[in-house]
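Q: mind looking at a prediction? Sequence and model below.
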Amino acid sequence: MHWIADLLAAVGVVLNGIPQGIMAMALGFAVFPTSFSFGLAAIVNGMTGSVAPISFQAESLALTGHLGHNLRERSSIILFGASIMLVIGLTGTLSKIVSLLGSQIMGGMMAGVGIMLAKLALQMTKQNRHCGWLSIGLAIITYILTKDLVWTIAISVIGTSLYAVLVEHYHEQLPAHVTARKLQLVKPQFNLKILRGALSLACLNIGANISYGLITGQMTGLKPNPVNLNLLTSTQALADFGTSLLGGAPVETIISATASAPEPVIAGILMMVIMAFILLLGWLPKVGQYVPSTSIAGFLLILGAVVIFPENATAAMHGPLSTVAGITLVVTAIVDPFTGLLTGTLLKFVLPLLGLGV
């Protein structure tokens, strides 16, 4: 009866991804072309036996929404970011980059992303004060009681949405391109802002692919870790590359409970196939029009301030490069992940050549 456990694990991860899919719609991404990303990844995982699926990821969505001010800018950032990651994945340089920079600087960058997410959550409360603070309150209480991110995002999003619909009579008419069940080309643009955004998204994905990918692999209980990081990076990049030209949302590496299923490969494929059908059939937009974008604020705060920041900040501060890692953290939080990693790299390698150091 392994298939029942596989199916339950797949459904659980789908339910976890739906609120973040709603977040993608709130940022203006089209859901129909995004279904092809899930389909492509399902095929690749089936052919290669990979246990690591991809799905909507709050961190990449929040960063893309922060760096781009409209759909064209956001799609362009995803397109060029995916191009960078595809080169990294195909050439097998992901592990080399991390080895070069070291776990402390990477930890500083990821901790800075945690602060960015927490800051974004607080900024969301300005859009809708009641819904934003309700979401944060529900998320904090739920996480204290359960220590479970799935319950945290479910309770905070559902509770806030019920309040918005029943009390504030919320009903958002989503843009036509978001709900359209057809393919529409989004012409990419390129400038310094897009380049910096693409590099920032790539830096975030480097850290996420390593941490989330390896954690998912560990959940299988197999040794050595079965996740091929270069394959995972290439799959994620290919999925984003195509749909970004059609205005689709980014789908990235996640920590997936399907890895703990009896058949982790099958469970991961099932999850992505189910999500693809939900998007193809247009069910997500029907739910999304009753879910305010601020309903995700509580989850982002917990994810950034409680889950991502402490663990990565601890890793960044323990070791000989704690000052460099700390500066990387601060610059990432204030500016963006690329600038943070660039600063850390310069401090680690360039200053010693000049006889200087921190």
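A: Received, thanks.
Q: centroid-nearest residue for this structure?
A: Centroid-nearest residue in the chain: residue 57, 2.6 Å away (criterion: Cα atoms, centre = their mean).
Q: phi, psi for that one please.
A: Backbone torsions for residue 57, taken as degrees, to the nearest 10, come to phi -130, psi 120.
Q: do residue 248 as well
A: Per degrees, to the nearest 10, the backbone of residue 248 is at phi -80, psi 160.
Q: for residue 164, same thing?
A: phi -60, psi -40.
Q: from residue 289, how far off is the closest residue to it other than its chain neighbours?
A: Excluding the flanking residues, the one nearest residue 164 by Cβ to Cβ, 6 or more residues apart in numbering is residue 170, at 3.7 Å. In this view, the C-beta of every residue, glycine as well, is placed from N, C-alpha and C. Counting by Cβ to Cβ, to the nearest Å, the separation of residue 170 from residue 289 is 9 Å.
Q: was I right about residue 29 contacting residue 248?
A: Yes - using Cβ atoms under 8 Å, residue 29 makes contact with residue 248 at a distance of 6.1 Å.
Q: show me which positions of the helix ranked longest in the chain end up buried.
A: For the chain, the helix with the greatest residue count under DSSP state H is helix 192-218. Neighbour counts over helix 192-218 (16 or more other Cβ atoms under 10 Å) mark 194-218 as buried.
Q: correct me, but residue 84 touches residue 200?
A: No - assessed by Cβ under 8 Å, residue 84 is found out of contact with residue 200, at 10.5 Å.
Q: please enumerate the helices of the stretch 201-350 of the chain.
A: Taking DSSP state H, counting those that start in this stretch as the test, the helices found in the stretch 201-350 of the chain are 229-244, 264-280, 283-288, 297-301, 309-317, 322-334, 337-345.
Q: rank those helices by pLDDT, which is bottom?
A: Across the helices of the stretch 201-350 of the chain, helix 283-288 has the smallest mean pLDDT, namely a mean of 81.
Q: check which helices and strands that helix sits against.
A: On a contact count with 3 or more Cβ pairs under 8 Å, 6 or more residues apart in numbering; DSSP states H and E, helix 283-288 meets helix 2-26.
Q: ok so, going back, what's the separation between the residue nearest to residue 164 and residue 258?
A: Taken as Cβ to Cβ, the span from residue 170 to residue 258 is 33 Å.
Q: more neighbours, these two?
A: Each of residue 170 and residue 258 has its neighbours counted (other Cβ atoms under 10 Å); residue 258 has more, 31 against 19.
Q: contact partners for that one?
A: 6, 9-10, 13, 51, 53, 264, 267-268, 270-271 (Cβ atoms under 8 Å, 6 or more residues apart in numbering).
Q: make JSON lines out of those residues and add distance to residue 189.
A: Rendered in JSON lines, the data for those read as follows (distance: Cβ to Cβ, whole Å):
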{"residue": "6", "distance to residue 189": "43"}
{"residue": "9", "distance to residue 189": "40"}
{"residue": "10", "distance to residue 189": "37"}
{"residue": "13", "distance to residue 189": "34"}
{"residue": "51", "distance to residue 189": "37"}
{"residue": "53", "distance to residue 189": "31"}
{"residue": "264", "distance to residue 189": "40"}
{"residue": "267", "distance to residue 189": "39"}
{"residue": "268", "distance to residue 189": "34"}
{"residue": "270", "distance to residue 189": "37"}
{"residue": "271", "distance to residue 189": "33"}
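Q: now those: which count as buried?
A: The buried subset of the contacts of residue 258 - by 16+ other Cβ under 10 Å - is 6, 9-10, 13, 51, 53, 264, 267-268, 270-271.
Q: closest one to residue 141 out of those residues, please.
A: residue 13 (23.7 Å; Cβ to Cβ).
Q: give me the nearest residue to the closest one, chain neighbours excluded.
A: residue 271 (4.7 Å).
Q: my guess is the one you found contacts residue 257, does it?
A: No - taking Cβ under 8 Å as the definition, residue 271 is not a contact partner of residue 257, at 9.0 Å.
Q: give the residues shared as contacts by these two.
A: 9, 13.
Q: show me what contacts residue 263?
A: So residue 263 contacts 2-3, 6 (Cβ under 8 Å, 6+ apart).
Q: what about it, distance to residue 283?
A: Distance from residue 263 to residue 283, by Cβ to Cβ: 26 Å.
Q: go on, residue 103?
A: Here the criterion is Cβ to Cβ. By it, residue 103 lies 41 Å from residue 283.
Q: with neighbour numbers in mind, choose between those two.
A: Taking other Cβ under 10 Å, residue 103 and residue 283 do not tie; residue 103 has more neighbours (17 against 13).
Q: against residue 117, how distant is the residue lying closest to the more buried one once chain neighbours are set aside?
A: Closest residue in space to residue 103, ignoring its immediate chain neighbours: residue 315 at 5.9 Å, by Cβ to Cβ, 6+ apart. Distance from residue 315 to residue 117, counting by Cβ to Cβ: 17 Å.
Q: those two: which has the busier surroundings?
A: Using other Cβ under 10 Å, the more surrounded residue of residue 315 and residue 117 is residue 117, with 25 against 18.
Q: next up, the contacts around that one.
A: 58-59, 62, 300-301, 303-305, 308.
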